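Q: Pasted the sequence and its predicted model underneath.
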Amino acid sequence: MAVLMQQELDSLKKKLLVLSAEVEGRVKQSVQALLTGDHKLAQKVRKGDAQIDNMEIELEEECLKILALHQPVATDLRFIVSVLKINNDLERVADFAVNIAQRSINLSNDGRIKCPYNVAAMAEVVEKMLKMALDSLVESDTELARQTIKLDDDVDNMHRENFISVKKAIRKNIDDLDGLVYYLSISRYLERMGDLATNIAEDVVYQVDGEIIRHGGIQGCQ
């Protein structure tokens, strides 16, 4: 029974890594579509959302099956709990990628109003966070996970500054209101992606060290 459960846990990890790669790719595509105005690429991201949803559901069902059949404890239980949470976070990241793709289409239809903040710089930090979080997952690297968490403050600060920049731009030219609101929502989507990358990194720390660090808590789990 123990050998069978280990095989199923290994399969679970492989499926999570496949989902991670898919989601990371969707984020890059959505940002590229936004920066280049590539309407077709944005549509591709939107249409691919169902695939991510199906992968998320399949992974969740696999976790629940292992819990029901094997009743894992200790490290194995922590691993499955972490997979369930990371699985959900990845699906939400993919949803935000779809939202950015949709905003890219909206902006194309609106005549490509100039963004009042450096969206490429913010996207670069968020993509870096996501990559670091997923690398920490693959390598069970809690130090890399903790480095990921530290970057979240940078993204939060960028979002606050972006809000101010958008507000100033609206006051300067109210005719650009719709497009500027789109850019504000894009900043918010990127900020939420950063939060989700942080969640994944925190779950890696929990999975590997048994330490709960979410909300600043420090609790050990055996």
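A: Yep, that arrived.

Q: Tell me which stretches of the chain form strands.
A: In the chain, the strands defined using DSSP state E lie at 211-212, 219-220.

Q: The first one - what's its average pLDDT?
A: Just to be clear, that refers to strand 211-212. What strand 211-212 shows for mean pLDDT is 86.

Q: Would you list the strands that it pairs with, along with their directions?
A: Strand 211-212 has these partner strands in its sheet, going by DSSP bridges: strand 219-220 (antiparallel).

Q: Could you give the number of residues near the nearest residue to residue 137 once chain neighbours are set aside?
A: Closest residue to residue 137 apart from its sequence neighbours, by Cβ to Cβ, 6 or more residues apart in numbering: residue 204 at 5.3 Å. Bear in mind the C-beta positions are built from the backbone N, C-alpha and C, glycine included. By other Cβ atoms under 10 Å, the residues close to residue 204 number 27.

Q: got it, and residue 171?
A: Neighbours of residue 171 using other Cβ under 10 Å come to 8.

Q: That one and residue 142: what is the separation?
A: Taking Cβ to Cβ, to the nearest Å as the measure, residue 171 falls 46 Å from residue 142.

Q: cool, residue 26 as well?
A: Counting by Cβ to Cβ, the gap from residue 26 to residue 142 is 26 Å.

Q: Counting neighbours, go ahead and name the busier of those two.
A: Remark: of residue 26 and residue 142, residue 26 carries more neighbours, 26 against 18, as counted by other Cβ under 10 Å.
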